[in-house]
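Asker: fold the following, please.
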Amino acid sequence: MVDDAEASGRPRKAPTAFRTISEVAEDLQIPQHVLRFWETKFPQLKPLKRGGGRRYYRPEDIALLRRIGDLLYTQGYTIKGVQRLLRDNGAELPEAAEAAPDSEEPEAALPEAGQGALKRAIAELEELAAELRALATLQPRLG
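Answerer: Residues are numbered from 1 along each chain as shown. Prediction:
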């Protein structure tokens with residue numbers, strides 16, 4: 001079987017080697033412009049910049065990018081939510097299992113104050129849905 005590094009035509013780098021933005025983008029399957037945008041939103045991301053503005057990512061930068069991508073794309077956090085996690089927890093982001101414990105209820109991962117707000121919003125939406133269903137039954141069917 002052909003190795004991924006061999007298939008791409010690039011030699012395999014050591015795990016501690018710095019990576020270019022194109023290598024990181026390919027590895028994480030995140031477009032380069034998104035990685036650059038995240039640098040503006042997350043001051044903890046500081047790739048080394050060389051002449052001409054070329055970025056070189058350290059292994060810890062890549063680990064942080066991987067966690068940010070997971071929180072944004074898999075766990076459904078917003079950018080502000082991830083910024084808050086980084087601010088509150090320093091550079092240490094909760095692991096996927098800690099951030100979203102196994103539970104049937106999605107609000108279980110929220111703080112108690114967030115759970116109450118979520119439950120109130122759900123109740124309000126259910127009331128609105130019931131009102132809309134009632135109105136729909138009153139409306140004569142349009143042709």
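Asker: let's see stretch 121-134 as CSV, backbone CA atoms only.
Answerer: Extracted C-alpha coordinates of stretch 121-134, given in CSV (Å, rounded to 0.1, in the frame of the first residue of the first chain):
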residue,chain,number,x,y,z
ALA,A,121,-36.4,29.1,24.6
ILE,A,122,-37.6,25.6,23.8
ALA,A,123,-40.9,26.1,25.7
GLU,A,124,-41.5,29.4,23.9
LEU,A,125,-40.8,27.8,20.5
GLU,A,126,-43.2,25.0,21.3
GLU,A,127,-45.9,27.5,22.2
LEU,A,128,-45.3,29.3,19.0
ALA,A,129,-45.4,26.1,17.0
ALA,A,130,-48.8,25.2,18.6
GLU,A,131,-50.2,28.6,17.8
LEU,A,132,-49.0,28.3,14.2
ARG,A,133,-50.6,24.8,13.9
ALA,A,134,-53.9,26.3,15.3
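Asker: for the record, mean pLDDT for it?
Answerer: Mean pLDDT, stretch 121-134: 82.
Asker: just stretch 88-97 next, same as before
Answerer: 61.
Asker: for residue 133, see how far away residue 125 is.
Answerer: Going from residue 125 to residue 133 by C-beta to C-beta, to the nearest Å gives 13 Å. (C-beta placed from N, C-alpha, C; glycine too.)
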